[in-house]
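[1] would you be able to build a 3D model of this:
(2 chains, ligands or ions: 2)
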Amino acid sequence: MTQTLLEIRDLHKRYGAVEVLKGVDCTMAQGEVISIIGSSGSGKTTMLRCINMLEEFQGGSIRIDGQEIGYETVGGVRKRKKEKEIARQRAMTGMAFQQFNLFPHMTAAKNIMLGLMKVRGMGRDEARSVAEKWLDRVGLLSRIDHYPGQLSGGQQQRVAIARAIAMNPKLMLFDEVTSALDPELVNEVLQVIKGLAEDGMSMLLVTHEMRFAYEVSTRVIFMNQGRIAEEGNPKDMFVKPQTERLAEFLKSSSFN
Amino acid sequence: MGYTLNFAAVWRSFDLLLEGLALSLGLAFAAILVGCLIGLVTAFGLVSKNPFLRKPAGLYVTVIRNTPILVLVLFSYFALPQLGVRLGKIESFVLTLAIYSGAYLAEVFRGGLLSVPPGQREAGLAIGLTEMQIRTSIILPLMLRNVLPSLSSTMISLFKDTSLAAAIAVPELTFEARKINVETFRVIETWIVASCLYVATCSALAALLRAVERRLIVPR
Ligand SMILES: Nc1ncnc2c1ncn2[C@@H]1O[C@H](COP(=O)(O)OP(=O)(O)O)[C@@H](O)[C@H]1O
Ligand SMILES: [Mg+2]
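    Ligands and ions are numbered 1, 2, ... in the order given. Here you go, the predicted model:
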């Protein structure tokens, strides 16, 4: 019996008057690798950002390991949790961004050590050895004292992934992490993610790499206009899509 | 014209000028230090989403930047005592210059804050840092690197503004020069020497700040 890790119930998100998530439900078990696909503007990024409270949401609930994320209901009134508590909850998830977002004034090692020291309370030496371990893991131990500006895009993204993973999150969120890369650098990043999947890391990944999604996912979610339009195992989804929208989307995408 | 320059009288009082210069530097240092704190807090106010922070910060910057500094200096020294706030000459001037520089530095820092991409804050949040930790470890160091060139020119003009303290008889460089001018009648020589001291000090300050800038450059 696998344990439920993430449980999203009837998630609603508005930007002003525009509703961009219109009731998303999703349950994810420990160790699952779920790819989220869908055309641009369908709400994939927004969904990930709600899970780690980079965005507020107006309705529904998100639970990780049974803990309600971001909000609590006291006496029938829904309230945002305290910032400290939200920061603690954010550390349960790790996130890799399309634009890497490494801290440019810190070396690869320092990028990774910052969270370990400030959030996990590690000492400098312990944090450094954890940074070494993860940089080795993404094949960049030799770049440990390089600044982001001295690394290629693919290398920066691998450091960024190492920075997130080093925090030992329960769940990793990847938002189109290869979209900003030159084509020849995409593969090195995908290989890192694949390795994490094989280690049993729970992951939600928004991607346009259909072939990759097909290979690594235990499940695929297709989003359309703020809703989950179809979901299933990758074989069924890619080979015999049930909805017209998904069939069209796959035809227009690079999967073949 | 037949005027021969003779610096002898000015040299005899050179120690006074140096003492004045030391005080000028002291005034500038104290005022800019306090001004940086005011400017930093105000800059965070200026970029805040909360109107209760943003509006007062904006009002402060607007009022101070649209008032001549000499008026502020005279106001603090002559008008504040009437309102029950009695300060010595030096305290009054340092306070005024601090408040004045705070408004200019706030604008400099504000620009620097806006130039830090929002993704930096989000990356910090994503690893579980609090807003305050993000400010101190990420936003401030990046902002500082962005603003150093304009910070350095602002600091130099603030240093030169210490000459206005002469208006309330604070014995800084300009005040001492005027005294020597009156006592020796060597008008041209006195002001040439005073100007040279200002130019030399400003150049040294600029070089110092450039060295700091170079040290902080991120390799790429
Ligand atoms: N900060 C924002 N303010 C207003 N609308 C936004 C903002 N961010 C995203 N949106 C809108 O929300 C919708 C979903 O965006 P997003 O989640 O980024 O889609 P995806 O990642 O699937 O391309 C889009 O229509 C987008 O225009
Ligand atoms: Mg997106």
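
[2] mind pulling up the pLDDT for the residue of chain B at minimum distance from ligand 1?
    Nearest to ligand 1, among the residues of chain B, is B:P118, at 10.1 Å (Cβ to the nearest ligand atom). For every residue, glycine as well, the C-beta is placed using N, CA and C. B:P118 is assigned 96 on the pLDDT scale.

[3] also B:A9?
    Looking at B:A9, its pLDDT reads 88.

[4] quick check, it in contact with B:N181.
    No. Counting by Cβ atoms under 8 Å, B:A9 stays clear of B:N181, with 10.1 Å between them.

[5] so which residue is smack in the middle of chain B?
    Centre of chain B computed as the mean C-alpha position; nearest residue by Cα atoms, centre = their mean is B:L158, 3.4 Å away.

[6] measure the residue nearest to that one when sequence neighbours are not counted to chain A for me?
    Leaving aside its chain neighbours, B:L158 sits nearest to B:S101 (4.9 Å; criterion: Cβ to Cβ, 6 or more residues apart in numbering or on different chains). B:S101 sits 26 Å away from chain A, going by Cβ to the nearest Cβ, to the nearest Å.

[7] run the chain-centre distance for stretch A:41-48.
    Its chain's average C-alpha position is 11 Å from that of stretch A:41-48, according to Cα atoms, centre = their mean, to the nearest Å.

[8] phi, psi for residue 58 please.
    Looking at chain A here, since you left the chain open. When quoted as degrees, to the nearest 10, the phi and psi of A:Q58 stand at phi -100, psi -20.

[9] um, chain B though
    phi -60, psi -40.

[10] top helix in chain B by residue count?
    Scanning chain B for the longest helix, with DSSP state H as the assignment, gives helix B:14-46.

[11] and that one, average pLDDT?
    In this model, helix B:14-46 has an average pLDDT of 97.

[12] is that helix anywhere near chain A?
    No. Against chain A, helix B:14-46 shows no contacts by Cβ under 8 Å from any Cβ of the partner chain, the least distance being 15.7 Å.

[13] what packs against that helix?
    helix B:51-65, helix B:89-114, helix B:140-161, helix B:173-184, helix B:187-216 (3 or more Cβ pairs under 8 Å, 6 or more residues apart in numbering or on different chains; DSSP states H and E).

[14] how does it look with 6 Å?
    helix B:51-65, helix B:89-114, helix B:140-161, helix B:173-184 (3 or more Cβ pairs under 6 Å, 6 or more residues apart in numbering or on different chains; DSSP states H and E).

[15] next up, the contacts around the residue nearest to B:L158.
    Contacts were defined as Cβ atoms under 6 Å, 6 or more residues apart in numbering or on different chains; by that measure B:S101 touches B:31-32, B:35, B:158.

[16] what subset of these is buried?
    Listed as buried from the contacts of B:S101 are B:31-32, B:35, B:158; burial here means 16 or more other Cβ atoms under 10 Å in any protein chain shown.

[17] I'd like those laid out as TSV, including distance to A:T218.
    TSV is the format used below for those (distance: Cβ to Cβ, whole Å):
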residue	distance to A:T218
B:A31	63
B:I32	60
B:G35	58
B:L158	62
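
[18] what's the helix or strand for B:K49?
    Using DSSP states H and E, B:K49 is not contained in any helix or strand.

[19] what's the neighbour count on it?
    Residues contacting B:K49 under the criterion other Cβ atoms under 10 Å in any protein chain shown number 6.

[20] tell me how far it lies from chain A.
    Distance, B:K49 to chain A, using Cβ to the nearest Cβ: 13 Å.

[21] now do B:F52
    Remark: distance between B:F52 and chain A (Cβ to the nearest Cβ) = 18 Å.

[22] any stretches of chain B with poor pLDDT?
    B:1 (pLDDT under 70).

[23] what parts of it come near chain A?
    B:119, B:122-123, B:125-130, B:133, B:138, B:141, B:218-220 (Cβ under 6 Å from any Cβ of the partner chain).

[24] might one say that B:A43 is in contact with B:F109?
    Yes. Between B:A43 and B:F109 there is a contact under Cβ atoms under 6 Å: 3.5 Å.

[25] do you know how far A:T207 is from chain B?
    As judged by Cβ to the nearest Cβ, A:T207 and chain B stand 18 Å apart.

[26] one step back: of the residues of chain B next to chain A, keep whichever come out buried.
    Buried residues within the residues of chain B next to chain A, defined by neighbour count using 16+ other Cβ under 10 Å: B:122-123, B:125-130, B:133, B:138, B:141, B:218.

[27] ok, those vs B:L151, which is closest?
    Taking Cβ to Cβ as the measure, B:L151 lies nearest B:P141 of those, at 13.6 Å.

[28] doesn't A:G200 belong to a helix?
    No. The assignment for A:G200 is coil, going by DSSP: H, G, I helix; E, B strand; the rest coil, so no helix is present there.

[29] any chance of the backbone angles for it?
    Phi and psi for A:G200, reported as degrees, to the nearest 10, are phi 90, psi 10.

[30] please apply the same query to the one 3 residues further on.
    Summarising the backbone geometry of A:M203 under the convention degrees, to the nearest 10, its torsions are phi -140, psi 140.

[31] my read: it touches A:V33, true?
    Yes. Applying Cβ under 6 Å, one finds A:M203 in contact with A:V33, separated by 4.8 Å.

[32] separation between the one residue in the stretch 151-256 of chain A that gets nearest to chain B and A:S142?
    Chain B sits closest to A:M167 of the stretch 151-256 of chain A, with a gap of 5.6 Å, by Cβ to the nearest Cβ. Using Cβ to Cβ, to the nearest Å, A:M167 is found at 23 Å from A:S142.

[33] so what's B:F175 closest to, chain neighbours aside?
    B:A166 (4.0 Å).

[34] likewise A:A247?
    Excluding the flanking residues, the one nearest A:A247 by Cβ to Cβ, 6+ apart is A:P241, at 4.5 Å.

[35] repeat for B:F44
    B:L113 (7.2 Å).

[36] thought that neighbour was touching B:V47?
    Yes. If you go by Cβ under 6 Å, B:L113 and B:V47 touch, sitting 5.1 Å apart.

[37] look at the two and report which has more neighbours.
    In this view B:L113 and B:V47 are compared by other Cβ under 10 Å, and B:L113 has more residues nearby, 20 against 15.

[38] so how far is B:A194 from that one?
    Distance from B:L113 to B:A194, counting by Cβ to Cβ: 38 Å.

[39] C-terminal to the helix or strand where A:S129 lies, what's the next element?
    A:S129 is part of helix A:124-137 when elements are defined by DSSP H and E. Per DSSP H and E, the first helix or strand lying C-terminal to helix A:124-137 is helix A:153-166.
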